[in-house]
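Student: How does the following fold in three dimensions:
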Amino acid sequence: MNFGFGIIILIVMLSACTYVGWHVWQILPLPVMCKWIAVALMALSVVLLFTNFIFGLDNKPATLATMLYTVGSSSIFIGLYMAMLFIVLDLGRLVHLIPKSLLYNSWAGSIAVFVTIFGIFLYGNLHYYNKARVDLKLETPAILKKPVRIVMMSDLHLGYPNQVDEFRKWVDKVNAERPDLILIAGDILDGNIGIVRRQNMQQEFRRLNAPIYACLGNHEYMTGRNESIRFYSEAGINLLIDSVATVSLPSKDTIAIIGRDDRTNPNRKSVAQLLENAPFGAYSILLDHQPYHLEEAEQAGINFQFSGHTHYGQVWPISWIEDLIYEDAFGSLRKGKTDYYVSSGIGIWGGKFRIGTRSEYVVAEINSTAK
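Tutor: As a prediction, the model looks like this:
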């Protein structure tokens with residue numbers, strides 16, 4: 001099933017690339033040699049998307065590796081929007097709203113396409129850096145001496161997409177919230193550990209002014225499970241792999257943090273098995289990176305589940321596809337007595353663009369309803 005799905009995706013990508021390349025060839029009012037160069041550069045950027053995975057980046061100078069990563073991973077998003085734009089122009093031509101001359105050897109058409117795509121992705125890049133602060137109110141019938149304040153994040157993707165200068169700003173935002181706890185629902189690492197270590201990002205985690213609890217994501221498996229676990233330890237992160245932490249707060253209140261191993265591990269424990277090790281009556285928070293089978297938390301009696309992974313597609317209309325795949329691809333949900341929040345992530349994979357989605361962190365407050 002996964003192999004077949006991969007083949008379908010590859011065919012779709014190759015078809016889209018061919019469609020965009022043909023249109024670029026047709027619209028550019030340039031000599032044939034220049035057309036070949038333009039199309040070849042576009043093809044090369046797509047090839048980089050795959051060669052970066054196959055041959056790795058950590059063996060290259062940091063500046064070159066960052067450029068290769070950015071160009072390769074951005075190509076999939078830019079190519080998507082170019083394909084959509086050319087489809088709109090083709091439809092406009094068919095109904096005689098767009099003159100055929102605009103799409104063939106046309107300076108006006110070429111400039112219009114360039115300005116449109118550049119404008120969309122300039123906006124998407126600027127919007128990415130605007131980190132939305134999400135307020136979340138949670139309630140528990142358990143007695144709490146004072147409300148519990150928790151900052152939650154997912155999908156940091158530290159590495160070539162998000163380097164230490166950017167991460168430092170996130171740490172400052174979290175510290176400004178003065179949380180009792182910090183929870184991270186996986187994908188702290190993007191996949192290349194070399195640049196993370198060269199920039200000493202583990203020390204940035206130690207600037208956070210609250211205990212950190214986290215679970216693994218699928219990108220930790222891509223990075224290397226053992227290497228990821230070692231990094232978490234060096235960063236002072238309490239990593240929960242199919243385990244439970246009973247957290248005593250300064251107020252003497254107790255909550256249970258349950259960290260589930262990522263779905264990449266087919267032998268991970270069920271939510272019900274994990275809850276057996278949680279203290280009875282304590283407010284329970286499940287960290288599970290990928291938001292599949294949400295009914296498991298409800299059936300097990302979890303109070304709150306926090307997940308990430310989806311990025312909510314990063315750009316529209318991929319967000320619509322995410323809505324078809326997941327019961328909850330983004331935002332809050334309540335099933336029975338269990339609350340859920342699926343975050344679109346504070347970081348991002350690939351090119352730094354958010355179009356129709358947002359980068360975010362969650363500031364949750366747990367209040368007692370007991371009188």
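Student: all strands of the stretch 51-200 of the chain, in order?
Tutor: Using DSSP state E, counting those that start in this stretch, the strands assigned to the stretch 51-200 of the chain run over residues 131-140, 148-153, 181-184.
Student: Select, out of those, the one closest to residue 306.
Tutor: When these are compared by Cβ to Cβ, strand 148-153 sits nearest residue 306, at 5.3 Å. Heads up, the C-betas are built off the backbone N, CA and C, glycines and all.
Student: With mean neighbour count, mean pLDDT and distance to residue 286 as added columns, please give the strands of the stretch 51-200 of the chain in CSV.
Tutor: Formatted as CSV, those follow (neighbours: other Cβ atoms under 10 Å; pLDDT from 0 to 100; distance: least, Cβ to Cβ, whole Å):
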stretch, mean neighbour count, mean pLDDT, distance to residue 286
strand 131-140, 15, 97, 13
strand 148-153, 23, 97, 12
strand 181-184, 24, 98, 10
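Student: Might you report the residue contacts of residue 171?
Tutor: 204-205, 207-208 (Cβ atoms under 8 Å, 6 or more residues apart in numbering).
Student: Any of those residues buried? List them.
Tutor: Buried members of those, scored by 16 or more other Cβ atoms under 10 Å, are 204-205, 208.
Student: would JSON lines of these with secondary structure, distance to residue 96 and pLDDT be doable?
Tutor: Formatted as JSON lines, the buried ones among the contacts of residue 171 follow (DSSP: H, G, I helix; E, B strand; the rest coil; distance: Cβ to Cβ, whole Å; pLDDT from 0 to 100):
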{"residue": "204", "secondary structure": "helix", "distance to residue 96": "57", "pLDDT": "97"}
{"residue": "205", "secondary structure": "helix", "distance to residue 96": "59", "pLDDT": "98"}
{"residue": "208", "secondary structure": "coil", "distance to residue 96": "60", "pLDDT": "98"}
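Student: how about TSV for those residues, with distance to residue 56 added?
Tutor: TSV is the format used below for these (distance: Cβ to Cβ, whole Å):
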residue	distance to residue 56
204	24
205	24
208	30
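Student: Show residues contacting stretch 214-234.
Tutor: 154-155, 157, 183-193, 196-197, 202, 237-241, 259-265, 287-290, 308-309, 349.
Student: what about the closest residue to residue 131 other than its chain neighbours, distance to residue 154?
Tutor: Excluding its sequence neighbours, the residue lying closest to residue 131 (Cβ to Cβ, 6 or more residues apart in numbering) is residue 359, at 5.2 Å. Residue 359 sits 11 Å away from residue 154 when distances are taken as Cβ to Cβ, to the nearest Å.
Student: Looking at the two, which is more packed in?
Tutor: Counting neighbours by other Cβ atoms under 10 Å for residue 359 and for residue 154 shows that residue 154 has the greater number, 32 against 24.
Student: Next up, the contacts around the more buried one.
Tutor: The contact partners of residue 154, by Cβ under 8 Å, 6+ apart, come to 184-187, 217, 289, 306-309, 343, 345-346.
Student: Tell me the one of the residues you listed nearest residue 176?
Tutor: Closest to residue 176, out of all of those and judged by Cβ to Cβ, is residue 346, at 14.2 Å.
Student: Surely that closest one is within a helix?
Tutor: No: assigned with DSSP: H, G, I helix; E, B strand; the rest coil, residue 346 falls outside any helix and is coil.
Student: Name all residues that make contact with it.
Tutor: Counted by Cβ under 8 Å, 6+ apart, residue 346 has contacts 131, 153-156, 170, 359-361.
Student: one more time with 10 Å
Tutor: By Cβ atoms under 10 Å, 6 or more residues apart in numbering, the contact set of residue 346 is 131-132, 152-157, 162, 167, 170, 173-174, 184, 308, 358-362.
Student: And it, how far from residue 292?
Tutor: Distance of residue 346 to residue 292, given as Cβ to Cβ: 21 Å.
Student: sorry, back to before: adding distance to residue 255 as columns, could you present the strands of the stretch 51-200 of the chain in TSV?
Tutor: Listed next are the strands of the stretch 51-200 of the chain as TSV, based on distance: least, Cβ to Cβ, whole Å:
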stretch	distance to residue 255
strand 131-140	9
strand 148-153	7
strand 181-184	8
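Student: So which of those is nearest residue 59?
Tutor: strand 181-184 (28.4 Å).
Student: Put the alpha carbons of the closest one into CSV.
Tutor: The C-alpha coordinates for strand 181-184 follow below in CSV (Å, rounded to 0.1, in the frame of the first residue of the first chain):
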residue,chain,number,x,y,z
LEU,A,181,5.8,22.9,32.2
ILE,A,182,6.9,22.7,28.5
LEU,A,183,5.6,19.9,26.4
ILE,A,184,6.9,19.0,22.9
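Student: what packs against that strand?
Tutor: For strand 181-184, the elements it packs on are strand 148-153, helix 164-176, strand 212-214, strand 238-239, strand 254-259, strand 283-287, strand 359-368, judged by 3 or more Cβ pairs under 10 Å, 6 or more residues apart in numbering; DSSP states H and E.
Student: Mean neighbour count, these: which tops it?
Tutor: Stretch with highest mean neighbour count among these: strand 283-287 (a mean of 26; mean count of other Cβ atoms under 10 Å).
Student: Give me the contact list for the helix or strand following that strand.
Tutor: Once the chain leaves strand 283-287, the next helix or strand it forms, by DSSP states H and E, is helix 295-300. Helix 295-300 has contacts (Cβ under 10 Å, 6+ apart) with 258, 260, 270-276, 278, 284, 286, 288, 291, 293, 302-305, 307, 327, 334-340.
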